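In: coords please:
(chains A and B)
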2 protein chains.
Amino acid sequence: MAKIEWKPGNMLYPLPVVMISCGTKPETHNIITVSWTGTINTDPPMVSISIRKERHSFKLIKEAGEFVINLTTKELAKAADWCGVKSGRDFDKFKEMKLTAAPASKIKTPLIAESPVNIECKITQVIELGTHHMFLAKVVAVNVEERFLDKQTNKFDLRQTDPITYLHGSYYTLGENLGRFGFSVRKKKGKRKDAEKEI
Amino acid sequence: MAKIEWKPGNMLYPLPVVMISCGTKPETHNIITVSWTGTINTDPPMVSISIRKERHSFKLIKEAGEFVINLTTKELAKAADWCGVKSGRDFDKFKEMKLTAAPASKIKTPLIAESPVNIECKITQVIELGTHHMFLAKVVAVNVEERFLDKQTNKFDLRQTDPITYLHGSYYTLGENLGRFGFSVRKKKGKRKDAEKEI
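Out: All right, here's what the predicted structure looks like:
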């Protein structure tokens, strides 16, 4: 277990890789892919995204005070990568990637219809950190793709969407299921719910 | 692509699952596992973690103004789960999970020696959000396990550590590598570095 000390850097991985849709009018609709995102509070449900102020989406998101987090999948990996590299100043990203802007439930920003989970967010705070501004936001609605709902249990099976993750510059699918939260202490059925309270 | 609207909730996945080491004296050393964490800024490198104020680690981290993010792996999955369920009020988690508290480079909080990457963090801001407080922090040092450094390229191969991720209540290993950032536009060698600047 010999350790080597490095200079400070970003080594927290794997991270989510999500497509943020923004723009409240059809002519301003845009998509930016980000990995600097996370859940920051359980109740009320809150998330954060961090974006460079030079990005085209930055102003759109800041001025609207809202955005949508669209989860990505193996099928969406190429579109997600492309939307992270290209700029909305030069392209209509929905059109170029053949993605569909669908109406959100609670906000004016469109969802990406092809994404299996769309998280509608309203910004509560903006913090300037350095290269990036962090947007703190409340989740105001979640839209899920009906075909991933198990008809028998009525549970949404996120694993079936074939989600992807971002590890130190590369995109990966998920592999083996190692167990649910609380598996290390679970003795019998019914224990899981107690354990889940603690996260 | 039929969508169902849900009430607001936490559906941003997959997320990291990391062991936070804390406590600046041997008798207070503790570990808490969190998934509400993320990278929030590139330069200076910054991260956030969110913790319920009822947790034993909360006071330790807040008072010390520092913590260490220890990345988890398939080998560490059981210990990570256990440290997320149990409380440091009741157990010496390092001892119970047979983990080693090793000295950090720049702060007083110990690293978990068995973790392949230890990220030393100093808190810059604490924000009360609801159930959780969010700690914003600067990365002050990164320690990596020597055996995952490729001797030929001198690059750290995070994939070789067998990292795990957290998806809607379950732990997963990673699967297939779908490509590096910029793969959707890459035409020739040398393009990658340009693309990487844009994230």
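In: can the top strand by length along chain A be found next to chain B?
Out: As assigned by DSSP state E, the longest strand anywhere in chain A is strand A:132-145. Yes: counting by CB under 8 Å from any CB of the partner chain, contacts between strand A:132-145 and chain B involve A:H132, A:M134, A:L136, A:K138, A:V139, A:V140, A:A141, A:V142, A:N143, A:V144, A:E145. The way it works is simple: take the backbone N, C-alpha and C, and place the C-beta from them, glycine included.
In: skipping adjacent residues, who's closest to the last one in space?
Out: Closest residue to A:E145 in three dimensions, ignoring its sequence neighbours and counting by CB to CB, 6 or more residues apart in numbering or on different chains: A:P116, at 4.1 Å.
In: where are the low-confidence patches of chain A?
Out: Along chain A, segments meeting pLDDT under 70 span A:188-199.
In: show me where it has its helices.
Out: For chain A, the helices defined by DSSP state H cover A:56-64, A:77-85, A:93-96, A:191-196.
In: ok, back up a step: report the two of the residues of strand A:132-145 next to chain B separated the most.
Out: Maximum pairwise distance among the residues of strand A:132-145 next to chain B (CB to CB): 30.1 Å, between A:H132 and A:E145.
In: re earlier: ok, the residues of strand A:132-145 next to chain B vs B:G9, which is closest?
Out: A:V142 (5.5 Å).
In: run through the bridge partners of the residue in chain A positioned nearest to chain B.
Out: At 2.7 Å from chain B, A:G38 is the closest residue in chain A, using CB to the nearest CB. Beta bridges link A:G38 to A:S48, judged by DSSP bridges.
In: how about A:V34?
Out: Bridge pairing for A:V34 - DSSP bridges - gives A:V18.
In: and for it, the neighbour number?
Out: 25 (other CB atoms under 10 Å in any protein chain shown).
In: my understanding was that it contacts A:C22; is that so?
Out: No: in this structure A:V34 lies outside contact range of A:C22 using CB atoms under 8 Å: 11.0 Å.
In: so who does the residue of chain A closest to chain B touch?
Out: Going by CB atoms under 8 Å, 6 or more residues apart in numbering or on different chains, A:G38 touches A:L15, A:P16, A:V47, A:S48, B:L12, B:L15, B:P16, B:W36, B:T37, B:G38, B:I40, B:S48.
In: find the nearest non-adjacent residue to A:T100, please.
Out: In space, A:T100 is closest to A:A113, 3.9 Å off (CB to CB, 6+ apart).
In: same check, this time on A:D162
Out: A:K74 (4.4 Å).
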